[in-house]
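>>> Coordinates only, no sequence provided:
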Ligand SMILES: CC(=O)N[C@H]1[C@@H](OP(=O)(O)OP(=O)(O)OC[C@H]2O[C@@H](n3ccc(=O)[nH]c3=O)[C@H](O)[C@@H]2O)O[C@H](CO)[C@@H](O)[C@@H]1O[C@H](C)C(=O)N[C@@H](C)C(=O)N[C@H](CCC(=O)O)C(=O)O
Ligand SMILES: Nc1ncnc2c1ncn2[C@@H]1O[C@H](COP(=O)(O)OP(=O)(O)OP(=O)(O)O)[C@@H](O)[C@H]1O
Ligand SMILES: N[C@H](CCC[C@H](N)C(=O)O)C(=O)O
Ligand SMILES: [Mg+2]
């Protein structure tokens with residue numbers, strides 16, 4: 001419980017109507033969760049506007065409301081706070097309400113189109129191995145010193161996020177590593193948080209359904225670095241075209257990592273195989289268990305963060321060399337008779353698909369075929385569909401287009417959108433099988449000795465979302481099942 005006036009610190013207030021000395025039991029941005037004693041913050045969304053639910057929140061017991069405006073007559077039992085930006089206010093108020101947890105943790109944020117989960121998870125594993133209690137906020141899972149809390153978003157809403165950080169601080173975590181999605185920056189889910197560091201992986205095509213233009217998408221990601229304080233570090237990928245732009249307006253200490261140019265954290269790949277990477281980092285030769293050039297970048301980012309957080313360079317590399325990646329990221333399973341190599345990967349953007357397929361090509365020993373199973377999410381960026389279709393066909397021998405969370409859309413229409421990007425040669429390589437299980441079965445049965453089957457897009461996900469219902473589905477489980485079935 002907090003006094004309302006105590007949790008308004010940092011909020012850009014334009015007017016106050018009522019008593020700010022009242023007690024607040026909890027903070028809510030969703031009227032459906034409001035109860036007696038709640039503070040309701042009305043936030044404008046993409047589907048509806050929280051301002052429409054102010055009356056409902058009051059009927060359910062809200063004692064205070066934060067909003068940008070209100071049209072209903074004011075109730076004298078409720079305190080109204082008018083603010084310039086209620087999403088930003090939600091971040092500030094949630095942070096205050098939960099006792100400013102980010103200031104009791106060393107909070108590091110990771111942003112970029114691909115690699116956030118991998119980098120944040122590697123940091124969590126590394127710092128845990130180094131002996132610290134740590135927290136992780138990620139697409140796959142949220143973790144507090146080993147205890148897993150299921151994750152619904154890459155970056156949760158401001159209230160859930162601050163509640164999570166509070167738990168981390170209370171259980172004695174020293175560090176918290178979190179993914180910062182572009183949606184989170186744009187929706188101010190991270191407002192009010194104090195970060196000790198920020199990392200940038202890369203920026204390529206994704207989420208244009210939401211941000212509309214690539215420039216707006218860049219602006220959202222850059223917004224994270226613009227918010228960092230002067231005593232924080234900001235580490236960017238110097239090999240990414242937009243890497244330096246990301247840091248141009250940050251107050252934080254700027255640092256770079258690279259495989260191609262001069263950088264604070266410079267890597268060179270010596271060997272890249274299915275057993276891992278051998279590379280030099282600032283002239284130290286190390287073997288890592290992660291596979292592929294894109295993971296060399298992720299490892300450099302992690303190394304840079306660890307050194308910036310004051311860890312010993314030798315010890316960091318020693319521990320990092322033993323660590324495996326995040327679930328569903330280049331997860332490979334060989335069939336019992338060593339016949340097929342199946343790889344489950346979360347590549348759901350054109351760039352990630354190119355990276356994973358070019359990594360596979362480099363790992364081939366001879367003329368093994370690459371058979372790719374891939375789909376595109378419904379109610380998500382439609383413009384990436386033909387590009388992903390084309391990328392899959394250009395870089396594989398055979399391709400099966402299938403469903404990947406069609407959500408409210410017609411699965412056949414999504415497949416048709418993917419087919420639109422294909423030239424005549426590519427058209428000869430693909431078939432469409434909307435049922436993902438059948439698609440995986442077909443791919444495994446098509447595979448000859450030592451062929452490689454890539455199942456892309458869902459990675460760690462344990463569901464297939466169709467018309468608002470999440471049905472259990474697990475690519476790795478289905479792959480194993482098909483290996484068994486086809487062995488008989
Ligand atoms: C597009 C998007 O980001 N949507 C998020 C957004 O919802 P919205 O803008 O649609 O909200 P809305 O339904 O319009 O409602 C506006 C406000 O009114 C409130 N409301 C609504 C209904 C009601 O009866 N009462 C009420 O008070 C809502 O709680 C909200 O505060 O705010 C909600 C609350 O914070 C989020 O749950 C929701 O995530 C949806 C489910 C989602 O799918 N988001 C994805 C796209 C997302 O955020 N992805 C990123 C990146 C993924 C990645 O690449 O890794 C992520 O960080 O997860
Ligand atoms: N540094 C990287 N550069 C390019 N591609 C990468 C990189 N790291 C991982 N990938 C590819 O992108 C996929 C997603 O990786 P990861 O889950 O780490 O990214 P993410 O940024 O967390 O994605 P999301 O936005 O969905 O949360 C991986 O399965 C792999 O195919
Ligand atoms: N977390 C991201 C990626 C989901 C990947 C893919 N499986 C899909 O459903 O599009 C999102 O919600 O946009
Ligand atoms: Mg992620």
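Sure, I can see it. Source: prediction; values computed, not measured. Ligands and ions are numbered 1, 2, ... in the order given.

>>> Please count neighbours and contacts with C-alpha atoms only from this point.
OK.

>>> and the stretch 351-488 of the chain, which residues reach ligand 2?
By the rule C-alpha under 6 Å from any ligand atom, the part of the stretch 351-488 of the chain lying against ligand 2 is 352, 355-356.

>>> next one: the stretch 201-350 of the chain
Counting by C-alpha under 6 Å from any ligand atom, the stretch 201-350 of the chain sits next to ligand 2 at 201, 294-295, 297-298, 329, 345-347.

>>> With residue 468 as the reference, measure out to the residue of the stretch 251-400 of the chain found nearest ligand 3.
Nearest residue of the stretch 251-400 of the chain to ligand 3, counting by C-alpha to the nearest ligand atom: residue 377, 3.4 Å away. Residue 377 is 13 Å from residue 468, where distance means C-alpha to C-alpha, to the nearest Å.

>>> Now list whatever residues contact both of those two.
Here residue 377 and residue 468 share the contacting residues residue 407, scored by C-alpha atoms under 8 Å, 6 or more residues apart in numbering.

>>> of the two, who's got more company?
residue 377 (21 against 11; other C-alpha atoms under 10 Å).

>>> For the more buried one, what are phi and psi?
Backbone torsions for residue 377, taken as degrees, to the nearest 10, come to phi -70, psi 140.

>>> got a pLDDT number for it?
Predicted confidence (pLDDT) for residue 377: 98.

>>> Report the helix or strand with the lowest average pLDDT across the protein.
Counting by mean pLDDT, DSSP states H and E, the chain has its least confident helix or strand at helix 208-211, which shows a mean of 82.

>>> Residue 402 is in contact with the residue of the stretch 251-400 of the chain closest to ligand 3, correct?
No - judged on C-alpha atoms under 8 Å, residue 377 makes no contact with residue 402 at a distance of 10.2 Å.

>>> re earlier: out of the residues of the stretch 351-488 of the chain next to ligand 2, who's nearest ligand 1?
Ranked by distance to ligand 1 (C-alpha to the nearest ligand atom), those are led by residue 352 at 12.1 Å.

>>> So that closest one belongs to a helix, correct?
Yes - assessed by DSSP: H, G, I helix; E, B strand; the rest coil, residue 352 belongs to a helix.

>>> Count the residues that sit near the residue nearest to it when sequence neighbours are not counted.
Spatial nearest neighbour of residue 352, excluding adjacent residues (C-alpha to C-alpha, 6 or more residues apart in numbering): residue 114 at 6.7 Å. Neighbours of residue 114 under the rule other C-alpha under 10 Å: 23.

>>> now swap in residue 33 and tell me
By other C-alpha under 10 Å, the residues close to residue 33 number 13.

>>> And it, how far from residue 39?
Distance of residue 33 to residue 39, computed by C-alpha to C-alpha: 11 Å.

>>> so who does the residue of the stretch 251-400 of the chain closest to ligand 3 touch?
By C-alpha under 8 Å, 6+ apart, residue 377 lies in contact with 403-407.

>>> so of the residues you listed, which ones are in strands?
Per DSSP state E, strands hold no members of those.

>>> Okay, residue 289 and residue 420: tell me how far apart.
Distance, residue 289 to residue 420, by C-alpha to C-alpha: 38 Å.

>>> And those two? Which one has more around it.
Taking neighbours as other C-alpha under 10 Å, residue 289 and residue 420 compare with residue 289 leading, 18 against 14.

>>> now the contacts of residue 377 in a markdown table, with neighbour count?
Below are the contacts of residue 377 laid out as a markdown table (neighbours: other C-alpha atoms under 10 Å):
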| residue | neighbour count |
| --- | --- |
| 403 | 29 |
| 404 | 24 |
| 405 | 26 |
| 406 | 25 |
| 407 | 19 |
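
>>> What does the pLDDT read for the residue nearest to residue 53 when sequence neighbours are not counted?
Counting by C-alpha to C-alpha, 6+ apart, residue 53 lies nearest to residue 31, which is 6.2 Å off, once chain neighbours are set aside. The per-residue pLDDT reported for residue 31 equals 97.

>>> For residue 31, give me its contacts.
Contact partners of residue 31, counting by C-alpha under 8 Å, 6+ apart, are 40, 50, 53-54, 56-57.

>>> Nearest to ligand 1 among those?
Distances from ligand 1 to these, taken as C-alpha to the nearest ligand atom, are shortest for residue 50 (3.4 Å).

>>> Surely the closest one is in contact with residue 43?
Yes - counting by C-alpha under 8 Å, residue 50 touches residue 43, with 4.8 Å between them.

>>> ok, the two, which is more surrounded?
residue 43 (23 against 19).

>>> Who are the contact partners of that one?
By C-alpha under 8 Å, 6+ apart, the contact set of residue 43 is 29, 49-51, 67, 86-87.

>>> Apply 7 Å and report the result again.
Contacts for residue 43 (C-alpha atoms under 7 Å, 6 or more residues apart in numbering) come out as 29, 49-51, 86-87.

>>> swap in residue 451?
With C-alpha under 7 Å, 6+ apart, residue 451 has these contacts: 340-341, 368-370.

>>> Out of those residues, which comes closest to residue 171?
Ranked by distance to residue 171 (C-alpha to C-alpha), the contacts of residue 451 are led by residue 341 at 41.4 Å.

>>> what about the closest one, neighbour count?
Quick note: residue 341 (other C-alpha under 10 Å) scores 19 neighbours.

>>> ok, it touching residue 360?
No - using C-alpha atoms under 7 Å, residue 341 makes no contact with residue 360, being 10.6 Å away.

>>> thinking again about what came up before, tell me the spacing between the residue nearest to residue 352 and ligand 3.
10 Å (C-alpha to the nearest ligand atom, to the nearest Å).

>>> and residue 182, what are its phi and psi?
Here is the backbone geometry of residue 182 (degrees, to the nearest 10): phi -70, psi -30.

>>> need the longest strand for this protein.
For the chain, assigning by DSSP E, the longest strand comes out as strand 265-273.

>>> distance between it and the chain's centre?
Relative to the chain's own centre, strand 265-273 is displaced by 25 Å; criterion: C-alpha atoms, centre = their mean, to the nearest Å.

>>> Kindly report the same for stretch 159-166.
Taking mean C-alpha positions (C-alpha atoms, centre = their mean), stretch 159-166 and its chain are 17 Å apart.
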